[in-house]
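S.K.: Quick one, structure for this:
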Amino acid sequence: MTPDQARRFAVEASHALAAAGQGDMVWGHVAVRDPRGDGIWIKAPGWGLEEVREDRLQLVSFDGQVLQGDGAPHKECHIHLEILAASPDLTCTVHTHAPSAVAFAALGQELLPLSHEGALFAGEDAPRFKATGGLVSTPALGRALAATLGEAPAALMPSHGLVSAGRTVPAAVMHAVLLDRACAVQLTATAAGAVRVHSDLAEARAKRAECWPDSQLEAGWHYLLRRVARASVSGTARPAPASNDHSSSPSQ
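M.R.: Residues are numbered from 1 along each chain as shown. Model prediction:
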């Protein structure tokens with residue numbers, strides 16, 4: 001991957017997450033590792049996921065300094081910096097306030113393999129980050145979140161949102177999308193009564209291997225990009241006007 005490709009991936013990933021319904025006004029972000037080792041490419045504060053363009057990205061170093069781009073870094077850049085620093089094999093991290101993930105995490109229930117999406121975790125519960133329900137605004141909290149995530153594809157952040165990661169950008173995005181969808185399915189089921197049927201451990205592990213190899217994560221990613229392209233052509237997602245003024249932008 002080149003720096004140009006990393007920047008393009010950061011834009012595409014932001015748009016894909018927005019198309020999947022994970023936008024929260026100007027909050028939430030995705031980061032792509034700079035291939036030169038200089039840090040991460042992440043949107044500048046104050047922009048929605050669907051508004052991200054290459055000129056609205058920042059290159060933030062692993063010590064939290066903006067090397068390229070406008071404005072201060074996100075207060076929660078430490079989510080991405082610490083996860084990627086802890087796991088050199090990862091390329092991309094996502095943090096959003098996906099509504100179903102937030103609602104489900106509030107129940108304190110185990111995430112069950114009720115659906116293909118739930119099998120992402122191979123029959124094991126999604127990790128839960130409980131050090132804080134507030135902003136992950138320090139390196140120490142970022143390291144604690146990285147430890148909670150471990151080698152899992154994603155984790156719930158009760159009272160806050162979710163985090164996901166991947167060796168590829170499509171994988172990180174799809175892990176976030178699939179976690180939120182799994183939460184939505186279980187919320188729907190439990191609203192009707194007690195859950196009585198779900199995959200056992202062996203079936204969940206088999207389904208993870210069958211349903212979520214890299215090829216299927218890539219297929220989901222390309223579907224989201226096609227949705228973005230169709231929305232752009234139809235005029236339902238118009239680019240925001242160009243501006244370099246971030247003087248009033250929040251830093252989350």
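S.K.: which stretches of the stretch 101-250 of the chain form strands?
M.R.: Taking DSSP state E, counting those that start in this stretch as the criterion, the stretch 101-250 of the chain contains strands spanning 154-157, 161-166.
S.K.: Could you export the ones you listed as a markdown table, including distance to Val32 and mean neighbour count?
M.R.: Placement of C-beta: from N, CA and C, glycine included. Listed next are the strands of the stretch 101-250 of the chain as a markdown table, based on distance: least, CB to CB, whole Å; neighbours: other CB atoms under 10 Å:
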| stretch | distance to Val32 | mean neighbour count |
| --- | --- | --- |
| strand 154-157 | 17 | 25 |
| strand 161-166 | 10 | 28 |
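S.K.: So which of those is nearest Thr93?
M.R.: In terms of CB to CB, the element of the strands of the stretch 101-250 of the chain nearest to Thr93 is strand 161-166, at 4.8 Å.
S.K.: List the pairing partners of that closest one within its sheet, with orientation.
M.R.: strand 92-96 (antiparallel), strand 154-157 (antiparallel) (DSSP bridges).
S.K.: Redo those as CSV? Include distance to Ala165.
M.R.: Below are these laid out as CSV (distance: least, CB to CB, whole Å):
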stretch, distance to Ala165
strand 92-96, 5
strand 154-157, 7
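S.K.: Mind checking the ones you listed for the one nearest to Leu111?
M.R.: strand 154-157 (7.7 Å).
S.K.: and the spatially most central residue of the chain, bridged to which residues?
M.R.: The chain has Val94 as the residue nearest its centroid, 2.5 Å off, counting by CA atoms, centre = their mean. In this structure, Val94 bridges to Val30, Ser164 when assessed by DSSP bridges.
S.K.: Spatially, and excluding backbone neighbours, which residue is closest to Ala204.
M.R.: Gly123 (3.2 Å; CB to CB, 6 or more residues apart in numbering).
S.K.: gap between that neighbour and Val102?
M.R.: 23 Å (CB to CB, to the nearest Å).
S.K.: Next, count neighbours for the residue nearest to Thr132 when sequence neighbours are not counted.
M.R.: Leaving aside its sequence neighbours, Thr132 sits nearest to Leu141 (CB to CB, 6+ apart; 6.2 Å). The burial count assigned to Leu141 is 19, neighbours taken as other CB atoms under 10 Å.
S.K.: Isn't the residue nearest to the centre of the chain up against Val173?
M.R.: Yes - Val94 lies in contact with Val173 (CB atoms under 8 Å); the separation is 6.2 Å.
S.K.: any shared contact partners between these two?
M.R.: 13, 17, 30, 164 (CB atoms under 8 Å, 6 or more residues apart in numbering).
S.K.: Rebuild those residues as CSV, extending it with distance to Arg226 and pLDDT.
M.R.: Listed next are those as CSV, based on distance: CB to CB, whole Å; pLDDT from 0 to 100:
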residue, distance to Arg226, pLDDT
Ala13, 15, 98
Leu17, 15, 98
Val30, 19, 98
Ser164, 21, 98
